[in-house]
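# sequence isn't available, so here's the structure alone:
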């Protein structure tokens with residue numbers, strides 16, 4: 001059974017960022033204040049489900065395809081996929097009606113695949129993201 005609770009641990013401003021704790025089954029997983037994992041090794045499909053639930057998103061097959069792509073891209077290249085690479089990949093996989101920037105943002109309405117997708121895939125914040 002998957003239970004989700006979230007606790008925010010506050011810190012002094014300017015010293016350490018706030019930490020959230022996401023309850024994933026029996027484990028407590030630390031994220032930053034926006035839901036990005038603090039330890040990439042804590043990722044699991046259960047984490048993705050719990051974080052998506054906390055963000056009000058029900059994951060379907062296409063979400064999982066994007067999450068798998070983001071994780072595989074990061075594992076191969078050591079950086080997060082750029083939106084152009086995602087569009088190229090998903091246009092070839094799904095066709096132009098769904099493999100486009102607009103549709104990817106519909107799937108991940110809280111920041112698109114680059115923010116919400118990376119959070120759910122257990123990846124770090126993209127460079128320059130605040």
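It's in. All values derive from a computational prediction rather than experimental measurement.
# centre of the chain to stretch 33-44, how far?
Distance of stretch 33-44 from the chain centroid (Cα atoms, centre = their mean, to the nearest Å) equals 9 Å.
# how long is that stretch end to end?
19 Å (Cα to Cα, to the nearest Å).
# buried residues in it?
34, 35, 36, 37, 42, 43 (16 or more other Cβ atoms under 10 Å). The way it works is simple: take the backbone N, C-alpha and C, and place the C-beta from them, glycine included.
# what do you get for stretch 75-91?
Buried-residue list, stretch 75-91, by 16+ other Cβ under 10 Å: 80, 81, 83, 86, 87, 89, 90.
# and residue 111, how far from residue 117?
Distance of residue 111 to residue 117, given as Cβ to Cβ, to the nearest Å: 8 Å.
# these two: who's more crowded?
Neighbours per residue, other Cβ atoms under 10 Å: of residue 111 and residue 117, the larger number sits with residue 117, 25 against 16.
# correct me if wrong: the more buried one contacts residue 70.
Yes - if you go by Cβ atoms under 8 Å, residue 117 and residue 70 touch, sitting 5.5 Å apart.
# mind listing what's buried in the lengthiest helix in the chain?
For the chain, the longest helix by residue count, based on DSSP state H, is helix 61-77. Residues of helix 61-77 classed as buried: 62, 63, 66, 67, 69, 70, 71, 73, 74 (neighbour count, 16+ other Cβ under 10 Å).
# okay, the residues you listed in TSV with pLDDT and distance to residue 51 next?
Output for those, formatted as TSV (pLDDT from 0 to 100; distance: Cβ to Cβ, whole Å):
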residue	pLDDT	distance to residue 51
62	97	17
63	98	12
66	98	14
67	98	11
69	98	17
70	97	14
71	97	14
73	97	19
74	96	17
